[in-house]
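1. Quick one, structure for this:
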Amino acid sequence: MTGDEELLQVEQVIARLITRYPTVAPVDIERSVRMIHARFKRGRIRAFVPLLVEKAARRDITDAITGAGA
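-> Numbers count the residues shown, from 1 in each chain. Sure, this is the predicted structure:
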């Protein structure tokens, strides 16, 4: 996977999460996804990064909505 392909997939993750969580501000979703994506910056194997980012972002957003992260 090229860097451009990965960035495109991360953009798609953002779009999916905005649709999935309409009560959460899109800017908050984008910020969360980008922060999580940055955690994988040094990873050598890139193939699963978008999937891992989406999974972590869903968990963070769900925790924020339900208050489980508090």
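
2. Would you mind measuring from Leu17 to Ala38?
-> Distance, Leu17 to Ala38, by CB to CB, to the nearest Å: 16 Å. Bear in mind the C-beta positions are built from the backbone N, C-alpha and C, glycine included.

3. Looking at those two, which one has more neighbours?
-> Ranked by neighbour count (other CB atoms under 10 Å), Leu17 and Ala38 place Leu17 first, with 20 against 10.

4. any idea whether that one is helix, strand or coil?
-> Here Leu17 is recorded as helix under DSSP: H, G, I helix; E, B strand; the rest coil.

5. and the gap between it and Ile45?
-> When distance is defined by CB to CB, Leu17 is 23 Å away from Ile45.

6. Now do the contacts for the closest residue to Gly43 other than its chain neighbours.
-> The shortest distance from Gly43 to any non-neighbouring residue, by CB to CB, 6 or more residues apart in numbering, is to Val49 (6.3 Å). Each residue near Val49 by CB atoms under 8 Å, 6 or more residues apart in numbering is listed here: 6, 10, 37, 40, 43.

7. For the helix or strand that contains Pro50, what does the pLDDT average out to?
-> Secondary structure from DSSP states H and E places Pro50 in helix 49-66. Helix 49-66 carries an average pLDDT of 96.

8. Let the chain start at 289 from now.
-> Let's use 289 as the start, then, which means that last one is helix 337-354.
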